[in-house]
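Peer 1: Just a sequence and a predicted model for now, questions to come.
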Amino acid sequence: MSTSLNKKRTIIGILSIAFLAALLIAVFKEVERQLPDYQPDPVVSAETEHCIGCHSEKGNGKVITEQWKVSKHAEVGVGCVECHKADEGDIDGFEHHGDFIATIVTPNDCGKCHKNEVEEFTHSHHADAGMILGSLDNVLAEVVEGHAAYMDGANPAAASGCGQCHGSKVELLKDDNGEVMKSDDGIILFDPKTWPNTGIGRINLDGSKGSCSACHNRHHFSVEQVRHPDNCGKCHLGPDHPQKEIYDESKHGINFYAHMDEMNMDAKPWIVGEDYIAAPTCATCHISATPDQPITHDVGDRISWTLRPPVSEKVDAAQIKKFKKLGEELPEHFLSWEQRRDNMENVCQQCHTVKYVDNFYTQYDNMVNLYNDKFGKPATELYKMAKGNGLLDGVPFNEKIEWTYFYLWHHEGRRARMGAAMMGPDYTQWHGNFEVAERFYTEFVPELKEVIEEGRHDGKIKAANETEKRLDEILNSEMHKWFLGKVSPEEAAKRKEAANKFRDRYTN
Amino acid sequence: MSTSLNKKRTIIGILSIAFLAALLIAVFKEVERQLPDYQPDPVVSAETEHCIGCHSEKGNGKVITEQWKVSKHAEVGVGCVECHKADEGDIDGFEHHGDFIATIVTPNDCGKCHKNEVEEFTHSHHADAGMILGSLDNVLAEVVEGHAAYMDGANPAAASGCGQCHGSKVELLKDDNGEVMKSDDGIILFDPKTWPNTGIGRINLDGSKGSCSACHNRHHFSVEQVRHPDNCGKCHLGPDHPQKEIYDESKHGINFYAHMDEMNMDAKPWIVGEDYIAAPTCATCHISATPDQPITHDVGDRISWTLRPPVSEKVDAAQIKKFKKLGEELPEHFLSWEQRRDNMENVCQQCHTVKYVDNFYTQYDNMVNLYNDKFGKPATELYKMAKGNGLLDGVPFNEKIEWTYFYLWHHEGRRARMGAAMMGPDYTQWHGNFEVAERFYTEFVPELKEVIEEGRHDGKIKAANETEKRLDEILNSEMHKWFLGKVSPEEAAKRKEAANKFRDRYTN
Amino acid sequence: MSTSLNKKRTIIGILSIAFLAALLIAVFKEVERQLPDYQPDPVVSAETEHCIGCHSEKGNGKVITEQWKVSKHAEVGVGCVECHKADEGDIDGFEHHGDFIATIVTPNDCGKCHKNEVEEFTHSHHADAGMILGSLDNVLAEVVEGHAAYMDGANPAAASGCGQCHGSKVELLKDDNGEVMKSDDGIILFDPKTWPNTGIGRINLDGSKGSCSACHNRHHFSVEQVRHPDNCGKCHLGPDHPQKEIYDESKHGINFYAHMDEMNMDAKPWIVGEDYIAAPTCATCHISATPDQPITHDVGDRISWTLRPPVSEKVDAAQIKKFKKLGEELPEHFLSWEQRRDNMENVCQQCHTVKYVDNFYTQYDNMVNLYNDKFGKPATELYKMAKGNGLLDGVPFNEKIEWTYFYLWHHEGRRARMGAAMMGPDYTQWHGNFEVAERFYTEFVPELKEVIEEGRHDGKIKAANETEKRLDEILNSEMHKWFLGKVSPEEAAKRKEAANKFRDRYTN
């Protein structure tokens, strides 16, 4: 019995210890992460050790080092020098305590490990965002909002505005002899007109396009952050492309913010339907993996319409036209809009039925077509006609109607289309269609009539007549004739009856 | 002594084990929830088992099943068939592998278990949101922004816009013979003009009104999500009813976002002051229980003013008028505005003193009355006069002043009133009163003068004179005469002195 | 051996218990915080005990007590009476069950413990926010949006709008004899025109300025809440100072929201780079400590430009001018703009290199100067000229151009400058520069031309000529002549070429 008792005691003892051990490990793991003095276990190469030796004492070096230490990069030994090492001959490379390094890390550098990501990115629309020279944006920043020669070409509207999303063309500071300038401690200096800049289409000194840290904030490079909808919101928000606001309004956003804790935001891999089921973020639909398709760093791979221009077209249309014109084959990575839609539908169908997705796309296509047919095409036709026949002069944005037309398609028209694309009804309606219609009927049409009158008065009779004729045709067409009061008595009666019913409703 | 020692050991052993057990359970419960492979324990009926058999493999079925498994519904055995079962004769019912089911679950279905909730909802203003036929919204979508006949009546502006909040009238796809169409696998097809739609006032095929999943997102049906302010923000945001933005600005919102973790968002029940003390959400004030009153699914039960129309009135006024006119008794669920205010004050008083709440309501009432008296009533009177006497034609939205008037009350006037209601000062002032005043003085008045001049020019002398006279009276009244420069010398002097003092202040 | 076994058992037993104890404490601490019935351990003075006796039963008293119990104040024995005790002679003091107390706690009260904080606050710009009498804001609320005499001076636009951020001048309710009114239970009553109010520059009955609870929400007084960006967003948001929105767009905001859990938001102290490294909040940059500088409650201590007025100047300029004029020494707490910039640069440099920060400030300064030089100064000069020479009358806001000018600097011009200050490119560009330019060219200039024409027509020939001449000079100057179509052929050609290149880009 004593033996038996001892045995029992021993068993209980062992079990206790086993339990305790298991428990301790579990709790330790959990608590460790939350402790302020939690020490991660980075792999530090000899060269990086050298950097950290000086830089980890105080200030930005300390913070950067700490951010890096908890990064995936640190886990696998990718440290300061592994990223910042410059190649011989790099114009922005400089000797720094024995290492030849550069301040800016470009896609060429990241691509040494992340080859696929950089390749996909490089042929994406994102990568071309920096080539805004010559676009309307450029005239806006250099002529309308600023002045090309102001402060020796500092171009502040572009430097603090456009370029911070689109990307600058990075340049070094040079002295009067054209020599690259360095600080007292030998660090090559960047032209403040062009840097700091992490615009997504930045044109780098090594010729590469883009800035990976546009999205992947240094030096954490945290996947949680990059998958968070706020991340895309650095650029995709505001009056002309409020994707962030639309997402936040949508059921997708509602579910995300309510269930953020269940999103496994730091999982690797992060596959919708497998690693998380609560909601999609921007990344889910446009970038991240589904059970059936891999991650892509070409954000256009799942987009079927371009909602950017005055008149929307399928996203591959311009490319097809261009290569046909050049007589060349389409590039290997070319995807037709149908393929891209299939890609997106596959994402949708992780949570929604095939029929639901089909019907959604019908609603969305209809909405884009409505915008195109009722406002986008007529406004564009009339605007181009007035520009072409001399009723408007050649200077952009010096006549009121130019602003009006721009708002119609670039701001309000996009909002209507994007609201429908991402199921944010307030953006489709109040920020979108309602304002498009207001802009068209209460500004564009009356301003065009004034332009016609002025033209006639200035002797441009033919141009005035031609434009007036087309405007009349459009206003008398099926969708616009209501504006002229041309409503059939039947429809008027029907609407009146409905309005009365409505009034009754609001009193019950 | 040995016995004593043994006893002690035994006691210590038992205590250890007891501690351990308690600890293990506590930790287990905590950790379990966080584990990615946490397996909930749903109660699955035989019929639902049948559904899940096929649907839980991949894609949307899998995700929906996983969402459902962690729901309260799953805990109590309410599964696929329990909700989706169709009644014989249901027009949208179809045989599906042995079950007669329907795609859309309506309030009639939910009401089988949630009787009270559905009853309350059904006589709420929310439930009527789908009857927008004949409202301004409808003219906007079908005439101004879109066109009733476009794409065979697809009505994209309503389908992707208005209807997604207000609710569509759900319809099935029919072939040329009027027969309901089915997919190859026998699933009844919905008309994409009308579905997907989870608008709160959706008119369902079974005649019921509403969509419970407008708020209670399927298939989680999570109370955390539905109590989160973002949830109401699906519709209650934007230029014409920015309740979400106002809440976010208010101290209520500030406290919520700072202390979200202490809100016990998944507690049942969830009584303010008992289960959480950090902040109220939209649900707290308008829906959820206090220690003194139950949950309500009629969101009007605590609202004393209607801030919707051009001129605000107490929320029960229209109903009283209607039933008086009909010679009928008020319905049983009728609440006077005073009762509704008492209900809301009871919510406020969970955190604020009676005096604080009284003073708040004085401020709020004053603000609504100011809007009514200074802008809402005069603008409405003048607008109706010009409509009535023929200065404006009968077509809505084809004259500039119609848009101006609409913005004044529907957008800016609501923002001013709603900002005051929910203590978001920026919405009261800069998004509200400031823009109301601007709209009235710099657009409405000059445009009305133009309309009067044109009318006179067109021979509508009497109408023009009548309208001009009334406009003059209004502009010469106490609150508006400043606009004509009619300020007493005393007041002018007082203001000048104050302005000088102000200038001094900004230099210290 | 038996002894040895016993020893072992004893050791194992003791170790087990020690482990258990340590574990229990750790887990207990963790779990305790999450339990709904977690009971903090407040220090309650006898007097406060007395208050809680009645007030903690139900309703607001219960909630306030619970909020207080988890506060730092409760931990150190600062309870109801310690804060609400009134001094003899306090006009708002009243006997309440044996204690002489006041409802409103002013900075004078808080300053008994928080001397430094109150002193710093008191000489900050924040503290003067309530003195808006005579400012434009006041004319807006009392004349334009409301009416000074409406509802016996209730001034609803100010009470629910301006004053809720700026602060009211608190007043008591008085009867016809000028006696302070009390409720039946002897509580002194506040005038609802002036309270509830927690505006930051509130003018209190004891002469003190400010309301600590403008930021430090009662009765939690939680540091998490006050460090959260939403907190500043109670006032710093919206069309005229969207700092909250700009922050949210910036990389600072993106990182904050993605890593909120790692911010140690309740740490004491809370030093950037030591206690948190993930992101800065508003508090980090403007208020909280760095390793090199202490917390400040004067939010101007790190600000070098004032972005408030029509034309920005360095933040100390007005103060220097004033004291020079008075012939007085600058006050002890005076900081030059260079000192303030050094302070902010020290914050920036916790995470960014010296060169990065230098270049950022060059970009920012350039942007402010561009706004000043191209729009702020010319518009202000022309506006003042037209006001001064009688083309515009003396009544503010009764002429369209007055609204236009106000929007240009007060709304859009601030957005452009603030966007650049905080690196929110969308606010710099689309909410800022783009709209400034639009306002200037399509509204301000044409409206000024009309004003000139009308003046000329009314016989104000000299004023009209003078203003027209200056307008012409400005429009013909380097930065504006494009608007007149005066572009050199070289530049036109260059731009055309760039535009063609652009068009090609968008088709690849």
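Peer 2: Perfect, I can see it now. Residues are numbered from 1 along each chain as shown, chains lettered A, B, ... in the order given.
Peer 1: Do you have the helices of the stretch 401-508 of chain A handy? List them.
Peer 2: Taking DSSP state H, counting those that start in this stretch as the criterion, the stretch 401-508 of chain A carries its helices at A:414-421, A:425-428, A:434-438, A:445-457, A:461-475, A:489-505.
Peer 1: CA-only coordinates of the shortest one in PDB, if you can.
Peer 2: The C-alpha trace of helix A:425-428 is given here as PDB (Å, rounded to 0.1, in the frame of the first residue of the first chain):
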ATOM      1  CA  PRO A 425     -23.900  52.600 -52.000                       C
ATOM      2  CA  ASP A 426     -23.400  56.100 -50.600                       C
ATOM      3  CA  TYR A 427     -20.500  56.600 -52.900                       C
ATOM      4  CA  THR A 428     -22.400  55.300 -55.900                       C
END
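Peer 1: out of the helices of the stretch 401-508 of chain A, nearest to B:Asp191?
Peer 2: Closest to B:Asp191 of these, according to CB to CB: helix A:414-421, at 17.1 Å. All C-beta atoms are positioned from the backbone trio N, CA, C, and that covers glycine.
Peer 1: Identify whichever of the helices of the stretch 401-508 of chain A lies nearest to B:Asp206.
Peer 2: Across the helices of the stretch 401-508 of chain A, closest to B:Asp206 is helix A:489-505 (CB to CB), at 20.3 Å.
Peer 1: Report the rounded mean pLDDT for the closest one.
Peer 2: On average, the pLDDT along helix A:489-505 is 76.
Peer 1: Please name the residues that touch the residue most central in space within chain A.
Peer 2: In chain A, the residue lying closest to the centroid (CA atoms, centre = their mean) is A:His236, at 4.6 Å. Contacts for A:His236 were tallied using CB atoms under 8 Å, 6 or more residues apart in numbering or on different chains; they are A:242-244, A:282.
Peer 1: now those residues as TSV including secondary structure?
Peer 2: What follows is the contacts of A:His236, written out as TSV (DSSP: H, G, I helix; E, B strand; the rest coil):
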residue	secondary structure
A:Pro242	coil
A:Gln243	helix
A:Lys244	helix
A:Cys282	helix
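Peer 1: which of those sit farthest apart?
Peer 2: So, those by CB to CB: farthest apart are A:Pro242 and A:Cys282, at 12.8 Å.
Peer 1: which phi and psi does the residue nearest to the centre of chain A have?
Peer 2: With angles defined as degrees, to the nearest 10, A:His236 shows backbone torsions of phi -90, psi 70.
Peer 1: what separates it from A:Met422, distance-wise?
Peer 2: Applying CB to CB, to the nearest Å, the value for A:His236 to A:Met422 is 11 Å.
Peer 1: pLDDT weak spots in the stretch 101-250 of chain A?
Peer 2: A:133-137 (pLDDT under 70).
Peer 1: Check what pLDDT A:Asn6 gets.
Peer 2: We have a pLDDT of 71 for A:Asn6.
Peer 1: May I ask which helix or strand encompasses it?
Peer 2: According to DSSP states H and E, A:Asn6 maps onto helix A:2-34.
Peer 1: just checking, next helix/strand downstream of that helix?
Peer 2: helix A:46-55.
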